[in-house]
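[1] one predicted model, sequence on top.
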Amino acid sequence: MIQHPRLAALTRFGVRLGLQHMRALMRHLGQPQLRYPTLHVAGTNGKGSVVRTLGAMLRAQGLRVGEYVSPHLQRVNERIWVDGEEISDAELSGLLDELAAEREAWASSGLTEGLSAEAELTYFEMMTAAAFVHFARVGVDVAIVEVGLGGRLDATNLLDPVVCGITSIGFDHMEQLGHDLPSIAAEKAGIIQPGRPVVVGPLPPAALRTIRTIAADRGAPLVAPDCEYRVDLEPDGGLRFVGAEWQLGGLHLALEGEHQRGNAGVALAMAERLPPHLRPGPDAVRAGLAAVRHAGRLEWLADDILADCAHNQEGAAQLAACLRALPDARRPRTLLLGMSADKDARAVVVALAPLFDQIYTTHCSHPRAASAGELAARLMDVGVPVLPAGPVEAALPRVRAEGPCVVAGSIFLVGAARDLLGLP
């Protein structure tokens, strides 16, 4: 489904950082999120790729795997997967109706733990609750859960994970998380649990120091690249993972981009630290890495359209590196850019502009999207021509007629482009 009426009604409540309402609801529901083993993944970028990579490896091992990611590209169902398939419309509708009724029952019980009985769940809280209940109901062997925003106060942070991962630390959501890397790292490190290993990807030194301190305070073993594990590039382009116990060569990752090597390292190091009954064997590792898919991430939507969800400075730098690695004849020279109004468009474009001859701005129907004209006005002096092209329904055919293009800047924009091209 594109949207559900109950979820549409909840968008007006926006983002709420804090666990009080989710904690109370989970207690009312009998703590469904504690009925199966979980892996918890935070980070500025790369979270979804790590979730999908872990999911592919564990499914190849024969396990029943739940995956929860956000936001979605085209359908809200994409956020909740079991066995590699998104939740059905009927299942999701039933869960949302049931949770709304349970929330009302909790509110009228008098056991509201000092919280306002009138306070509604947010969109993200409702979807997170739906995922937790669904995974318990269908009996997953393990669930892999992506943090929505930050970590410490995120609605997902009610798990008891066997292992956590922090993929990257960069500048995004600064109003909520802080304006320097140690502050952002501290928020994301809020998912670290006492005594449970935490795997990190390549991090800036200031962020790594913060996470190392928090992990030590909680007695959580820190697993860092080039210390406890490494991912080497083999002569044929394959990967070799060297960890505490594993030494696996001849690995081939389906996800494109040099940055995905770092994400794969996090996924592999997390998998290596799973208990024996959940740990994938070498064949499952290889099969999962070769089969993993993550729509909208360096994805060729057509022979002439490359899409990527890069929407912050770090993501733009990764996209730029990937574009530079393409042969000149294959590299598109036009960028179709659409971004949410609250994002730092200049930071994204400064990284990308040298690779393009022109930039067209656009917007999709998402309420957070900056208009094409507003976005173009913010980018008038970036070294290449920037022209507003109107809504994506008009902009994509117009830009495509001029030659190959890259569509980037927003998950919602990439989703709209996939819709326009009839991609599932």
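    The structure has been received and is ready for your questions.
[2] need the contact list for the residue nearest the centre of the chain.
    Per Cα atoms, centre = their mean, the C-alpha nearest to the average position across the chain is that of residue 48, at 3.4 Å. Shown in contact with residue 48 (Cβ atoms under 8 Å, 6 or more residues apart in numbering): 69, 146, 294, 297. Placement of C-beta: from N, CA and C, glycine included.
[3] that one falls within a helix, correct?
    Yes: per DSSP: H, G, I helix; E, B strand; the rest coil, residue 48 lies within a helix segment.
[4] now the strands: where do they sit in the stretch 251-400 of the chain?
    299-302, 305-308, 334-337, 358-363, 386-391 (DSSP state E, counting those that start in this stretch).
[5] let's have those strands in a markdown table, adding mean pLDDT and distance to residue 100.
    Formatted as a markdown table, these follow (pLDDT from 0 to 100; distance: least, Cβ to Cβ, whole Å):
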| stretch | mean pLDDT | distance to residue 100 |
| --- | --- | --- |
| strand 299-302 | 98 | 35 |
| strand 305-308 | 98 | 35 |
| strand 334-337 | 98 | 38 |
| strand 358-363 | 98 | 32 |
| strand 386-391 | 98 | 33 |
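[6] looking at the ones you listed, which is closest to residue 324?
    Evaluated with Cβ to Cβ, the strands of the stretch 251-400 of the chain place strand 305-308 nearest to residue 324, the distance being 13.2 Å.
[7] helices or strands next to the closest one in the packing?
    For strand 305-308, the packing partners by 3 or more Cβ pairs under 8 Å, 6 or more residues apart in numbering; DSSP states H and E come out as strand 299-302, helix 313-324, strand 405-408, helix 411-420.
[8] if we go to 10 Å?
    For strand 305-308, the elements it packs on are strand 299-302, helix 313-324, helix 392-401, strand 405-408, helix 411-420, judged by 3 or more Cβ pairs under 10 Å, 6 or more residues apart in numbering; DSSP states H and E.
[9] quick check: next helix or strand after the top helix by length along the chain?
    For the chain, the helix with the greatest residue count under DSSP state H is helix 89-107. Counting by DSSP states H and E, the element after helix 89-107 in chain order, helix or strand, is helix 123-138.
[10] now that next one: buried residues?
    For helix 123-138, the neighbour count (16 or more other Cβ atoms under 10 Å) marks 123-136 as buried.
[11] again, but for stretch 61-76
    For stretch 61-76, burial by neighbour count (16+ other Cβ under 10 Å) applies to 61, 63-76.
[12] circling back: okay if I get the strands of the stretch 251-400 of the chain as JSON lines plus mean neighbour count and distance to residue 230?
    Shown next, in JSON lines, are these (neighbours: other Cβ atoms under 10 Å; distance: least, Cβ to Cβ, whole Å):
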{"stretch": "strand 299-302", "mean neighbour count": "16", "distance to residue 230": "28"}
{"stretch": "strand 305-308", "mean neighbour count": "23", "distance to residue 230": "26"}
{"stretch": "strand 334-337", "mean neighbour count": "26", "distance to residue 230": "34"}
{"stretch": "strand 358-363", "mean neighbour count": "26", "distance to residue 230": "37"}
{"stretch": "strand 386-391", "mean neighbour count": "17", "distance to residue 230": "41"}
